[in-house]
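Engineer: how would this look folded up:
(3 chains, ligands or ions: 4)
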Amino acid sequence: MAENIQATRDAKHGMALAVTLWAIMLVSVAFFFKYDLPELASDRQSQDTLYYVILGLTGVAYIVIQSLFAFYIWKYRHRDDAEGSYWHESHKMEVAWTIATAVILVPIVFAGLVIWDDVKAAPPEDVFTIEAVGAQFQWDIRYPGPDGQFGSWRPELYSLENYLGIDPDDAAGNDDIHLINQMVLPIDQPVRILLRSKDVQHAFFLPHFRVKQDLMPGIMTSVWFTPTKIGEYEIACAELCGLGHYRMRAFLSIRSQADYDTWLAEQSQAN
Amino acid sequence: MAETLTVPKTKSGDGGGGDFVDQSFGDYGSGGESQKRADTAKLGLRIALGSVTMLFAAFTSAYIVRSAGEDWIPLAAPSLIWVNTVILLFSSVTMELGKRAFESWRPVAFRKWIAVTAVLGALFIAGQVAAWNQLASQGIYLQSHPHSSFFYVLTGVHAVHLLVGVLALFYVLMLARRYELTPGESSSPGVVATYWHFVGGIWIYLIVVLFYL
Amino acid sequence: MSEGHDDHGHGKQSFISKYIFSYDHKMIAKQYLTLVMFMAVVGGSLAMLVRLQLGWPGQHAQFWETLFPAGMAQGVMTPEFYVMLFTMHGTIMVFFVLSLGPVSGFGNFLIPLQVGARDMAFPFLNMMSFWTALPGAIIILISFFVEGGAAASGWTAYPPLSAIRSAIPGSAMGQTLWIVGMIFFIASFTMGGLNFVVTILNLRTKGLKMMRLPLTTWAQFLVGILGLLAFPALAAGSILLLFDRGLGTSFYLPAGIFIGDTLFPHSGGSPLLWQHLFWFLGHPEVYIIMLPALGFTSDIISTFTRRPIFGYRSMVYAIVAIAMLSFVVWGHHMFVSGMSPFLGTAFTMTTLCIAVPSAVKVFNWLATLWMAKIQFTTPMLFALGIVSFFVTGGLTGIFLGTNVVDIQLHDTYFVVAHFHFIMAGAGLFGLLAAVYYWFPKMFGRHMNERAGKVHFWFTFIAYYGVFFPMHYLGISGMMRRIYDPNTYDYLKPFQNVNTFISISAFILGLAQVIFLANYFWSMFKGKKVESENPWHANTLEWSTPIHPGHGNWPGDIPEVYRWPYDYQHPDEEGDHAPQWQPPAKVKAAK
Ligand code: HEA
Ligand code: HEA
Ligand code: CUA
Ligand SMILES: [Cu+2]
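Structural biologist: Ligands and ions are numbered 1, 2, ... in the order given. Modelled structure (predicted):
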């Protein structure tokens, strides 16, 4: 036992490690009170609730496990006279903590299941639909116009002039409203957004609305939600789509129904 | 320390004394060195085949996903592949004959059958090239449509595996000519035979997937 | 390194056969580790550049232009260069550092020594495996210097971005080289895995039952299996991607792709298909990185607590369970991709199941510390760091695994924090702990303890400083892979957090210089070890001579009588009874 003894017994490092672990634990937890999800502006409260539930459960697990870990490091740092132990198996304890972990997870899984079904459920009858088209590096937003009908589109028609590939022969398309990097929605009205990509994958991300959905070239995806707060927000692209990914940004404005109607009328006029 | 002692079971034992894995893979402290190598080669091959299986399984799942697309145009099998199939099946027979000749130690027959198998394998690959040409001359290329893409890619990947088999056969043949192979001592003919049959099996599987699914 | 017994009988080996085309698993391991170290320096430097940009977006320093004339023209980083940086950072770190290091490096070094074999089952294949990995690494590295630069579609290489040349201006050749390099890597890794599994199953010495294997070797065994079963999926996927890129097929490319002013002629392909194939590999891959680190942790903790590892059996069952489950959770990377919601539910359930065996491991480590006599050597400090990181990073996995919560957190810095804690943190600490612990066996010298401890303290604290604040950024909604977060108004308030992270990251990077200096200095000047078992450990590798030759044991291979964790056994003298020491009663009888 000659070599390394000097170095190995360095109990100082054990004490320092324990203190460091406690300190890190405290500081890292404290900042969760400062940094939070962006203020919610949609009806997706349940998603946040589950987030906080998990934050609470894992937070407790984090605090308990890291502190206990640090405590053992502190307490069992090497001392020559310390008693050792050969004990290395306890069926009961192992079963207990296996089951305990599983039990903590059950409510998470269960709640997740229910909320997921909610989020992914078909939208209500009165939903109104708009379209968001992603392309490097821009969001094109299309409203169906007063007739409530989108003009049909075909990829073969894509060109720099006909940016969305709208079929000029389809009368339903005449009154469609096309906005670039801008979306306006009325409050408290469920909205469904159809998502299509013209080139690569993108992701439609509304951080304040807890909405995120990939745009998959070749298929049409969609999300629906109900805005609940008037204000100006940002739309982000959350899937790497090339060098301009970071600036594929758009604006979302939530207005009262009256303001929205005026805005829509103006747009239709301009069209 | 190396003498064999019957070790009484003590508390220290192993992590509880479980032997569940050991029934099939015993201790190799005893037994001839060459016996050990033979088992090792066989085991290695079996595991490698598991990996190859996963490769084709991945291709198959891609194929199944893709064949649901609406642009799927079924491809008529080029007639030559049936000729190739027969060649390949036949080569499995000669391979087996070679292996049996080796096991009952008829060296001349053994070398003959291995050589025949290698030639048949090479013929198969040539036949595949011809089949691709046949398809191309009908105007069906790799990028023409998804089924043709899969046909070229899957048969191509298979051909590479068969090529490895042919090379292995040449290697065995080389050892045999240098009289470095004796039954019981060497397992390479058996290992190559297993591989050969496996690659043959993959071929049949591919034909079924590509044209009968 | 010549005292040892030379299995091949011929006396002196040439330089080439000893150092270059060596069959000796220990030399191959050192070759791997040297490669890994070089790749880690490259990957780490790329991370520093990433942090440079994020800490001070768009800052100007003429000096950079001389270093990177294209990427930092006028001294300001271009967005395309930024994308290349993190793409190559991720690729290099995941595959060429944390797969090649703990697995190909330490797996090679330790497996024959710990199972009592003279070499790997297939030494030639082993040599080939290194000589396939090296060209793979070179191909990946030179891709920086081809026209247009390196691959720039993320380490996940989602098509169409990775499949269509004009999707990223310039990145034509780089992406192709990336795929080719990956195929080399896969070939190398598969050969290695084959060797691992066969060696462990077949070449164990007398008395070494599976349930007496050290946990490190158990982990390597499962890693071998995972590699053999998972990597073929990426191989298949990459081949198809290569065809789509170069030969006009449409495996992944659907109709209606319009880039620049061109409508591409593809039709019917599915970008989702790549995601499935990639993550079918990708998830087992992250456990390929994790399991060896968990194995090292168990063995190192047991050695330096002078305690048997608690719950050996459940440790084995836990890693077996983790390995099996890792094949059925890949969809948790795709919750918002538009795959069927039903699959979303299924993948949440399987994903959360993995937390249970992981928890078992953590609790077993805690129980091992109970009543321990902890010796705070450098490897032990790093092993304790792994436990802390594994808990921190693992718990965030619960958020992400819950599909509902992942909607918000997907592709934000929360994910970046998660995987840097559990993978970069626990995984890299595993590699470092292993270097400190097995260095005496590799080179017959000790690494400098004092420098090691300084390295630990800077690295450990800086690690939390770099990666914990990323959680805050993530929940605040900061996306990953963005060149300049200040583009978004709602992210502007967090620039100070980013600057803090960057400063911590530079400290972290600098701390690694201590490690590299210590490593190379100790190789030649370190304190010589005095006995073949300097840590008084129990596993079989410590029964070899200080400088084991090719063949590992000069005489017979020792027989194994016990499991590797007999520390402080009540019936034995001394505080430890190595595996090759016969039980007290037998010894007495003799
Ligand atoms: C070594 C690598 C590694 C490991 C081990 C893990 C482990 C886990 N990972 Fe991680 N993961 C990555 C590497 C890794 N991951 C990478 C690289 C990515 C990003 C890829 C990319 O997009 O670029 C990723 C992304 C990722 C996602 C996708 C996120 C997204 O993109 O939206 C998810 C989602 O489910 C996930 C989940 C998990 C879970 C549940 C575990 C579990 O195995 C964790 C289990 C551990 C614990 C739970 C801690 C110990 C247990 C306790 C302390 C007991 C108490 C616990 C409870 C009561 C719950 N990971
Ligand atoms: C597995 C490994 C790994 C490791 C170790 C690291 C290490 C680091 N990573 Fe990285 N990272 C990834 C894997 C890893 N990362 C992946 C997969 C991505 C995603 C890429 C993508 O989006 O496509 C990513 C992305 C990523 C981002 C996000 C970029 C973005 O989304 O825009 C950032 C940002 O800060 C970052 C930072 C860092 C930093 C500061 C370190 C520092 O820890 C680095 C400090 C340097 C070292 C730690 C090296 C030291 C080691 C040695 C010197 C030698 C050791 C050798 C032996 C022991 C033999 N990484
Ligand atoms: Cu569009 Cu990122
Ligand atoms: Cu995963």
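
Engineer: hmm, stretch C:190-201 in reach of chain B?
Structural biologist: Yes: against chain B, stretch C:190-201 shows contacts by CB under 8 Å from any CB of the partner chain at C:Thr190, C:Gly193, C:Leu194, C:Val197, C:Val198, C:Leu201. (Each C-beta comes from the backbone N, C-alpha and C, glycine too.)

Engineer: what's the closest non-adjacent residue to the fifth one?
Structural biologist: Right, C:Val198. C:Ala121 (4.1 Å; CB to CB, 6 or more residues apart in numbering or on different chains).

Engineer: in terms of helices and strands, where is the one you found?
Structural biologist: Assessed by DSSP states H and E, C:Ala121 sits outside every helix and strand.

Engineer: and it, how close does it get to ligand 3?
Structural biologist: 47 Å (CB to the nearest ligand atom, to the nearest Å).

Engineer: give the contact list for that residue.
Structural biologist: Residues near C:Ala121 by CB atoms under 8 Å, 6 or more residues apart in numbering or on different chains: B:Thr40, B:Gly44, C:Asn195, C:Val198, C:Thr199, C:Asn202, C:Leu203.

Engineer: of those, which is the nearest to C:Val404?
Structural biologist: Using CB to CB, C:Asn195 comes nearest to C:Val404 of the contacts of C:Ala121, at 43.3 Å.

Engineer: isn't the closest one right next to C:Leu125, touching?
Structural biologist: Yes: using CB atoms under 8 Å, C:Asn195 is in contact with C:Leu125, at 5.9 Å.

Engineer: quick check: pLDDT value at the residue in the stretch 151-271 of chain A that chain B sits nearest to.
Structural biologist: Minimum separation of the stretch 151-271 of chain A from chain B (CB to the nearest CB) falls at A:Gly218, amounting to 8.9 Å. pLDDT, A:Gly218: 88.

Engineer: mind checking what secondary structure it has?
Structural biologist: The three-state label given to A:Gly218 by DSSP: H, G, I helix; E, B strand; the rest coil is coil.

Engineer: surely it meets C:Leu273?
Structural biologist: No: with contact defined as CB under 8 Å, A:Gly218 does not count as touching C:Leu273 (10.5 Å).

Engineer: now, among the residues of stretch C:190-201 next to chain B, which is nearest to ligand 1?
Structural biologist: Using CB to the nearest ligand atom, C:Gly193 comes nearest to ligand 1 of these, at 17.4 Å.

Engineer: quick check: that closest one vs C:Pro284, distance?
Structural biologist: 11 Å (CB to CB, to the nearest Å).

Engineer: what touches both of the two?
Structural biologist: In contact with both C:Gly193 and C:Pro284: C:Leu226, C:Gly227, using CB under 8 Å, 6+ apart.

Engineer: who's more crowded, these two?
Structural biologist: C:Gly193 (29 against 26; other CB atoms under 10 Å in any protein chain shown).

Engineer: and the host helix or strand of B:Leu162, anywhere near chain A?
Structural biologist: Taking DSSP H and E as the criterion, B:Leu162 maps to helix B:146-177. No: on the criterion CB under 8 Å from any CB, helix B:146-177 is out of touch with chain A, staying 12.9 Å away.

Engineer: ok now that helix, how far from the chain's centre?
Structural biologist: How far helix B:146-177 lies from its chain's middle: 9 Å, per CA atoms, centre = their mean, to the nearest Å.

Engineer: right, and the helix or strand after that helix?
Structural biologist: helix B:188-212.

Engineer: tell me how far A:Asp176 lies from A:Phe128.
Structural biologist: A:Asp176 is 14 Å from A:Phe128, by CB to CB.
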